[in-house]
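Asks: the sequence and its predicted three-dimensional model are supplied below.
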Amino acid sequence: MPIYEYRCNSCGRHFQVLLLSRRDREPTECPSCGNGEIKRLISRTSYHRSEADRIESFDPGRRQPDCFYSDTRNIGLGARKRAKQMGVDLGSEFESRLDSLRSDPGSVLDSAE
C-alpha cells in the first residue's frame, strides 16, 4: 500500500494519495484547484543505523552539526567508542546510567544537587 506524493504545477500544493490496491487509480487532478497539471514526486526516505554503525562512524575530532546534540541517542557515544578502541567493558552500571540519561537528560542535573 504505497503512499504517493504529488505537486500541482498550477497552485504549487503538495498532496499525498494512499493507493490501497493496484486497481486504485492515481489522481488526475489537484484536489485543491482541480488543475490536471500534477507531477509525482520522489518521497524522502529514512533508514535505521545500528548503535554499532553509529559508534564506528563517530569521529570525536570532527565538528558535529547542531542536530547531533539534540539527538539523545548520541549521549555517551564518545565514551563507548573510546572504550571499544581500548578494549574496555564499561559494565552494566554505565549502561544503566546511560539509558536513564538518554531517556531523561535533565536527570543529570537533579542527581548533581
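Replies: Perfect, thanks for sending it. Residues are numbered from 1 along each chain as shown.
Asks: CA atoms for contacts and neighbours, from now on please.
Replies: OK.
Asks: pLDDT score for Gly61?
Replies: Model confidence at Gly61, expressed as pLDDT, equals 89.
Asks: ok so it is a helix residue?
Replies: No: the assignment for Gly61 is coil, going by DSSP: H, G, I helix; E, B strand; the rest coil, so no helix is present there.
Asks: what is the burial count for it?
Replies: With neighbours defined by other CA atoms under 10 Å, the count for Gly61 comes to 6.
Asks: repeat that for Lys81.
Replies: Using other CA under 10 Å, Lys81 has 19 other residues around it.
Asks: for it, grab phi and psi.
Replies: Backbone dihedrals for Lys81, given as degrees, to the nearest 10, come out at phi -60, psi -50.
Asks: repeat for the one 4 residues further on
Replies: Dihedral angles phi and psi of Gln85 (degrees, to the nearest 10) take the values phi -60, psi -40.
Asks: which pLDDT value belongs to it?
Replies: 91.
Asks: ditto for His14
Replies: Looking at His14, its pLDDT reads 93.
Asks: for Leu109, same thing?
Replies: 69.
Asks: identify the bridge partners of Leu18.
Replies: With beta bridges defined as DSSP bridges, Leu18 has these partners: Ile3.
Asks: could you list the residues in contact with the longest helix belonging to the chain?
Replies: When the chain is scanned for its longest helix (criterion: DSSP state H), the result is helix 91-103. When contacts are taken as CA atoms under 8 Å, 6 or more residues apart in numbering, the neighbours of helix 91-103 outside the stretch itself are 72-73, 75-76, 107-108.
Asks: that helix - what's its average pLDDT?
Replies: Average pLDDT, helix 91-103: 87.
Asks: pull out the buried positions in it.
Replies: 98-99, 101-102 (16 or more other CA atoms under 10 Å).
Asks: quick check: Ser57 vs Arg44, distance?
Replies: 23 Å (CA to CA, to the nearest Å).
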